[in-house]
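Novice: No letters, just coordinates:
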């Protein structure tokens, strides 16, 4: 199966409304992806393993978003880039929502349900609401920084690849009371103390990142854009180890203006 045949197969499953047969095929594709027999050229091998670490739900949602992103589904020349991204993002949301309803991992009024089952939120950031779940935390993550689900899902894959100690597992999707699309993830709870900006800078420099913008704690390598690396998102454990619990991590494309040299693609190959 070549690249075009693969994406046509996924698009056909979407168009047919996620029949039992189609769901079985998606499960099979996820198995191939996780085992490395589908190579997703959007990612390095490490990053594909990070996507797989997010679980089968994460992998299938990434493929569904990729099915839309692999097409020229928006043809209007009257749309600017932001409008085009919003339209494509809405289509990706639709694909994921339809599939999530079919397999039972969709939640209406996400934060109301999480509050009812887990108690009041313990933290809230620019895009995520955090709940206590014992040895783990549960996050309801919005698309505020990304617009398109594929980019939010990329972020989880990259986080898992580069910060595996605090890996995120996608457990479902939903919308909040205002109708905004949400990704629901589970992540290990890390107890520790804050780390200074200077210590964070030294830590990420050892990983090969250079400081790009101190105002928003942005670092980058030619491959990865890493932002929001402040003292609330990096924790020092009792043993002195650093754990990144949250950050804005992306594939570093030239459009981000941070010295990136990568291009976004949804090309796959079978091995």
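Specialist: Looks like it came in fine. The shown structure was predicted, so the numbers you read here are calculated from the model rather than taken from an experiment. Numbers count the residues shown, from 1 in each chain.
Novice: element containing residue 99?
Specialist: Element membership for residue 99 (DSSP states H and E) is helix 81-103.
Novice: Give me the helices and strands touching the next helix-or-strand element following that helix, please.
Specialist: If you walk from helix 81-103 toward the C-terminus, the next helix or strand you reach (DSSP H and E) is strand 106-107. Packing partners of strand 106-107 (3 or more Cβ pairs under 8 Å, 6 or more residues apart in numbering; DSSP states H and E): strand 169-175. Every C-beta, even on glycine, is put in place using the N, C-alpha and C of the backbone.
Novice: got the angle between the strand it packs on and helix 81-103?
Specialist: Using axes from the mean of the first three to the mean of the last three Cα atoms, to 10 degrees, the direction of strand 169-175 lies 110 degrees away from that of helix 81-103.
Novice: tell me the average confidence for strand 169-175?
Specialist: For strand 169-175, the per-residue pLDDT values average out at 97.
Novice: continuing past it, what's the next helix or strand?
Specialist: Next along the chain after strand 169-175, taking DSSP H and E as the criterion, comes strand 181-188.
Novice: Need the contact partners of that next one.
Specialist: Among residues not part of strand 181-188, those counted as contacts by Cβ atoms under 8 Å, 6 or more residues apart in numbering are 54, 93, 97, 107, 110-111, 114, 133, 135-143, 149, 152-153, 156, 165-176, 245.
Novice: re the thing from before, what packs against the helix holding residue 99?
Specialist: Counting by 3+ Cβ pairs under 8 Å, 6+ apart, the elements that helix 81-103 packs against turn out to be helix 3-15, helix 20-35, helix 56-69, helix 149-162, strand 169-175.
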